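S.K.: Sequence first, predicted model second:
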Amino acid sequence: MRAAVLTQFGAPLTVREVPDPEAGGGEVLIQVLAACVAPYAAEVFSGERNYPLVPPVVPGIGGVGRVVHVGSDATRLRRGDLVWCDATVRSRDDALTPDITLQGWSSRGEGGARLARYLHDGSFAELMRVPTENVFPLPAAAGDDPARWAALAVHVIPYGGLLAGGLAAGETLLVSGATGNLGSSAVAVALAMGAGRVVAPGRNRATLDLLADRFGPRLRPVQLTGDEAGDRTAMSTAADGPIDMVIDLLPPSAPSSVTRTAAMTVREYGRVVLMGGIGMLGGDDLALPYPWIMRNSITVRGQWMYPRTANVGIIRLLASGTLDLAGERVRSFGLHAVNDAVAYAASHSGPFDRTALIPPAR
């Protein structure tokens, strides 16, 4: 098969022939129809993000595809099924604290690295081998535009964070990093889940206006100034009532002070979910005041990725039209143009900009 291979960090991806993967028991072989190219993919492939990928590797974080072969233990999946392939793989030998790898992308700890050595390659290829439990049926409509549906790779992440924080219909959510690619997805997903209003802070006025035009009065934009006290007041005022939950999706380049300012707008007994990259590339740690957390009974939790069931939930939101993909700007590239796709994604990282890689039909 043809695949895009990262031969070493800092080098362009090489498109070449590699052996077809073979699926064993508990695995599914997928023909990849479309894979999302993350806006920060160039930072991963350059080594800037210091991800624990081991070249040579076929990268890629999940994708839309069709089943080519299923293991004998599969009871529902059939050859030819249109499916979503989730890249978040969990080890099967520890139900309480499973090791995790993002197939073809990243991993956590030594256990995750061991898992990555087995499920090494991702979706930038014609074929992909995936654990059976990471394959989810899609509605037939997804086959009409698999490149658009590849945005599942983006939307399922904040959806997992909102589930972790227990977002309920009618609640007020503040999205820290709302003007970014993941943050704007969190805005859309939260409103689809029934949030009463979403406070969207950011520095980019044009992007804030775009969000306000798209989502109407339930979206409350706030332009940040960098003054912590003033920004906190502005966010609380925009909410026009208590802020029940804060989700942070800021990238590693953002200062921790922005996350702290947003987090401390949450009401007494409120929840804060941390999903961003603050501190991963150096900089100050997030310093939340102990007395504030304790006396206000604040729940602060981290959430890396999402539970398996989140895939089912986000697919249902999309299939019902509650979360609408129609307004997203999608640019597709053939597998041969993978390096152009990576460059394009990096320069088009705004809200609802999507870049997809389309391997050739086999």
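M.R.: Received it, and whenever you're ready, just let me know what you need.
S.K.: if you go through the stretch 51-200 of the chain in chain order, where are the strands?
M.R.: 63-70, 82-85, 88-90, 100-102, 106-107, 127-131, 135-137, 172-176, 197-202 (DSSP state E, counting those that start in this stretch).
S.K.: And the contacts of the first one?
M.R.: Defining contact as CB atoms under 8 Å, 6 or more residues apart in numbering, one finds that strand 63-70 is touched by 23, 28-36, 77-85, 123, 127-128, 132, 135, 138, 142, 146, 149-150, 152-153. Quick note: C-beta positions are derived from backbone N, CA and C, even for glycine.
S.K.: I'd like to know which of the residues you listed are buried.
M.R.: With burial judged by 16 or more other CB atoms under 10 Å, the buried subset of the contacts of strand 63-70 is 23, 28-36, 77, 81-85, 123, 127-128, 132, 135, 138, 142, 146, 149-150, 152-153.
S.K.: Minimum distance to residue 286: which of the strands of the stretch 51-200 of the chain has it?
M.R.: strand 172-176 (11.1 Å; CB to CB).
S.K.: Quick one: mean pLDDT over that closest one.
M.R.: Mean per-residue pLDDT for strand 172-176: 98.
S.K.: So what's the gap between stretch 312-322 and the chain middle?
M.R.: How far stretch 312-322 lies from its chain's middle: 16 Å, per CA atoms, centre = their mean, to the nearest Å.
S.K.: could I have it exported to CSV, CA atoms only?
M.R.: The C-alpha trace of stretch 312-322 is given here as CSV (Å, rounded to 0.1, in the frame of the first residue of the first chain):
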residue,chain,number,x,y,z
VAL,A,312,-20.9,7.2,19.9
GLY,A,313,-22.3,10.4,21.4
ILE,A,314,-20.5,12.8,19.0
ILE,A,315,-21.6,10.7,16.0
ARG,A,316,-25.2,10.9,17.2
LEU,A,317,-24.9,14.7,17.5
LEU,A,318,-23.6,14.9,14.0
ALA,A,319,-26.0,12.4,12.5
SER,A,320,-29.0,14.3,14.0
GLY,A,321,-27.8,17.6,12.6
THR,A,322,-27.7,19.1,16.1
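S.K.: buried ones in that stretch?
M.R.: Neighbour counts over stretch 312-322 (16+ other CB under 10 Å) mark 313-315, 317-318 as buried.
S.K.: Could you do stretch 231-244 as well?
M.R.: 231-232, 234-236, 238-239, 243-244.
S.K.: Next: stretch 46-65.
M.R.: 49, 51, 53, 57-65.
S.K.: How about stretch 148-164?
M.R.: In stretch 148-164, counting by 16+ other CB under 10 Å, buried: 148-164.
S.K.: Show me where the stretch 151-300 of the chain has its helices.
M.R.: For the stretch 151-300 of the chain, helices defined by DSSP state H, counting those that start in this stretch occupy the ranges 152-164, 181-192, 205-215, 228-239, 256-263, 290-295.
S.K.: Serialize those helices to TSV and add fields for distance to residue 348 and mean pLDDT.
M.R.: Formatted as TSV, these follow (distance: least, CB to CB, whole Å; pLDDT from 0 to 100):
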stretch	distance to residue 348	mean pLDDT
helix 152-164	13	98
helix 181-192	9	98
helix 205-215	13	96
helix 228-239	28	97
helix 256-263	23	97
helix 290-295	38	98
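S.K.: now those helices in JSON lines, with distance to residue 325?
M.R.: Shown next, in JSON lines, are the helices of the stretch 151-300 of the chain (distance: least, CB to CB, whole Å):
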{"stretch": "helix 152-164", "distance to residue 325": "9"}
{"stretch": "helix 181-192", "distance to residue 325": "10"}
{"stretch": "helix 205-215", "distance to residue 325": "13"}
{"stretch": "helix 228-239", "distance to residue 325": "27"}
{"stretch": "helix 256-263", "distance to residue 325": "27"}
{"stretch": "helix 290-295", "distance to residue 325": "38"}
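S.K.: out of those helices, nearest to residue 360?
M.R.: Once those are compared by CB to CB, helix 152-164 is nearest, at 20.4 Å.
S.K.: Export that closest one to CSV, keeping only CA atoms.
M.R.: Taking Å, rounded to 0.1, in the frame of the first residue of the first chain, the C-alpha atoms of helix 152-164 are listed here in CSV:
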residue,chain,number,x,y,z
LEU,A,152,-14.7,13.9,14.2
ALA,A,153,-11.1,13.9,15.2
VAL,A,154,-11.4,17.5,16.4
HIS,A,155,-15.0,17.5,17.8
VAL,A,156,-14.7,14.4,19.9
ILE,A,157,-11.9,15.9,22.0
PRO,A,158,-13.8,18.8,23.6
TYR,A,159,-16.9,16.6,23.7
GLY,A,160,-15.0,14.3,26.0
GLY,A,161,-14.0,17.3,28.2
LEU,A,162,-17.6,18.5,28.4
LEU,A,163,-18.7,15.0,29.4
ALA,A,164,-16.0,14.9,32.0
